[in-house]
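Visitor: got a sequence here, can you model it:
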Amino acid sequence: MSGTDPIVFEVADGIGHVRFRRPEKLQAFTPVMYGKVQEICENAPQSGEVHALVFSGATDVAFSAGTDLADYAAIETPEQGLALDELMDVALDAVERCPLPTIAAIAGICSGGGLSFAASCDLRVAAPNARFSIPVGRTLGLGLSPGSYERLHALVGAAPLRHLLFTGQAISAGRALEVGLVDELVNDQSALPGRADYLARLAVSQAPLAIQATKDALLSLRPKLDRERAGAWARRGFASSDFRQAVDAFLNKRQANFSGR
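Guide: Predicted coordinates for the structure are as follows:
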């Protein structure tokens, strides 16, 4: 593993630590990173050496700012946009369906796809400086991927999700705890890694089959989106001038002017 790898995977005392490492991009995800996460979640349970996974950002500044806007800027057709959404959803499905307990240790910015990633984990613990947002309507002029709607709605319900999406504003770690976006909030940032590991060990102390049965049951209880209908809206979004306007405005640090077309 080189010093420039965007995903750092290390195992200590049976816990796999997965750190997102792109500090210059606030840990924003690339397709390669999504693929690596999927690979870890599919392969780690087979090793016999890993009994839980803890995900975190490599710095306290950000857990993840979501999918890198540069990848959206490269989109030329709606099909390419849909493929990028599908790539993310497949990776996060792998996190959800991983038979090992998964914990998100969140410090700093957790937005867009980063928040969807956190929602795909079994447990979430946050530092006081954590901030949560879904600014996709402003930064991209789009809605969420179908899987992201499902995950976040199952986690917090319609009202908190509407507030995050309709305002695009960040909420504090304390507010995230109130609405159920995170399970625990540590008092001091330095306590975050230790608390995440402690939760991982508590989960590992449960019978593996019980963990797996619970995961499967909760996923089966979750309402499913009409994927064909959601896909039609996503295709319309990626084909819109608003999408192009949003990406150009973000990359050039100016205000987007949306037309609804």
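Visitor: surely residue 196 is in contact with residue 56?
Guide: Yes. Under the criterion of C-beta atoms under 8 Å, residue 196 lies in contact with residue 56, with a separation of 7.1 Å. (Each C-beta comes from the backbone N, C-alpha and C, glycine too.)
Visitor: now the common contact residues for these two.
Guide: Common contacts of residue 196 and residue 56 (C-beta atoms under 8 Å, 6 or more residues apart in numbering): residue 105.
Visitor: run a quick neighbour tally on the closest residue to residue 119 other than its chain neighbours.
Guide: In space, residue 119 comes closest to residue 151 once its chain neighbours are excluded; the distance is 4.2 Å by C-beta to C-beta, 6 or more residues apart in numbering. The criterion is other C-beta atoms under 10 Å. On that basis, residue 151 has 25 neighbouring residues.
Visitor: and residue 151, what element?
Guide: Using DSSP states H and E, the secondary-structure element containing residue 151 is helix 146-156.
Visitor: how about that helix: buried residues?
Guide: Across helix 146-156, burial judged by 16 or more other C-beta atoms under 10 Å covers 146-153, 155-156.
Visitor: report the buried residues of the next helix or strand after it.
Guide: Counting by DSSP H and E, the next helix or strand C-terminal to helix 146-156 is helix 158-167. By neighbour count with 16+ other C-beta under 10 Å, helix 158-167 contains the buried residues 160-161, 163-165.
Visitor: repeat for stretch 42-59
Guide: Judged by neighbour count using 16+ other C-beta under 10 Å, the buried positions of stretch 42-59 are 44-45, 50-59.
Visitor: cool, stretch 4-16 as well?
Guide: Across stretch 4-16, burial judged by 16+ other C-beta under 10 Å covers 6-7, 9, 15-16.
Visitor: just stretch 90-102 next, same as before
Guide: For stretch 90-102, the neighbour count (16+ other C-beta under 10 Å) marks 91-96, 98, 100-102 as buried.
Visitor: now the two most distant members of those residues.
Guide: Maximum pairwise distance among the buried residues of stretch 90-102 (C-beta to C-beta): 18.0 Å, between 91 and 101.
Visitor: tell me which element residue 89 is part of?
Guide: helix 78-97.
Visitor: neighbours of the residue nearest to residue 144 when sequence neighbours are not counted, just the number please.
Guide: On the basis of C-beta to C-beta, 6+ apart, the spatially nearest residue to residue 144 that is not a chain neighbour turns out to be residue 136, at 6.3 Å. When neighbours are counted by other C-beta under 10 Å, residue 136 registers 26.
Visitor: so who does residue 136 touch?
Guide: Taking C-beta under 8 Å, 6+ apart as the criterion, residue 136 is in contact with 66, 112, 142-144, 165, 168.
Visitor: among those, which one sits closest to residue 218?
Guide: Where the contacts of residue 136 are concerned, and distances follow C-beta to C-beta, residue 218 has its nearest neighbour in residue 144, at 20.1 Å.
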